[in-house]
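[1] for reference, the sequence and a predicted model appear below.
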Amino acid sequence: MTFYWERCSICGKYSPSDKCWLHSDIIVCAFCCLFCAERDNCAKPTWYSSIRPVTTEEKSRRERKAAEEKIQKVLEELLGKLG
């Protein structure tokens, strides 16, 4: 996931920001995400209050997904050349 220095839709500061998971039209900074009143209802918050280590299961899942996407891309390129 990539974070860009954009203007937060809530506080207006330019800081590392990303789209809110609950409200996809809103771009939030870390402070606004952490202090959001709806954070308890959020299944996948953009920002966390602590660092979460990447588990081996999560790492292998990401690698598997990347490999599947690469294979899919190669197959699409080959089919494009055939057709």
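    Cool, got the structure.
[2] number of residues surrounding residue 17?
    The local packing of residue 17 (other C-beta atoms under 10 Å) involves 24 other residues. Heads up, the C-betas are built off the backbone N, CA and C, glycines and all.
[3] for it, helix, strand, or coil?
    In three-state terms, and counting by DSSP: H, G, I helix; E, B strand; the rest coil, residue 17 is strand.
[4] skip the chain neighbours and tell me the closest residue to it.
    residue 6 (4.4 Å; C-beta to C-beta, 6 or more residues apart in numbering).
[5] report the beta-bridge partners for that neighbour.
    In this entry, residue 6 is beta-bridged to residue 15, by DSSP bridges.
[6] these two touch, right, it and residue 13?
    No. Shown here, residue 6 and residue 13 do not form a contact pair, counting by C-beta atoms under 8 Å, at 10.0 Å.
[7] more crowded one of these two?
    Set residue 6 next to residue 13 and count neighbours by other C-beta under 10 Å: residue 6 wins out with 16 against 12.
[8] and that one, how close does it get to residue 72?
    Relative to residue 72, residue 6 is positioned 30 Å away (criterion: C-beta to C-beta, to the nearest Å).
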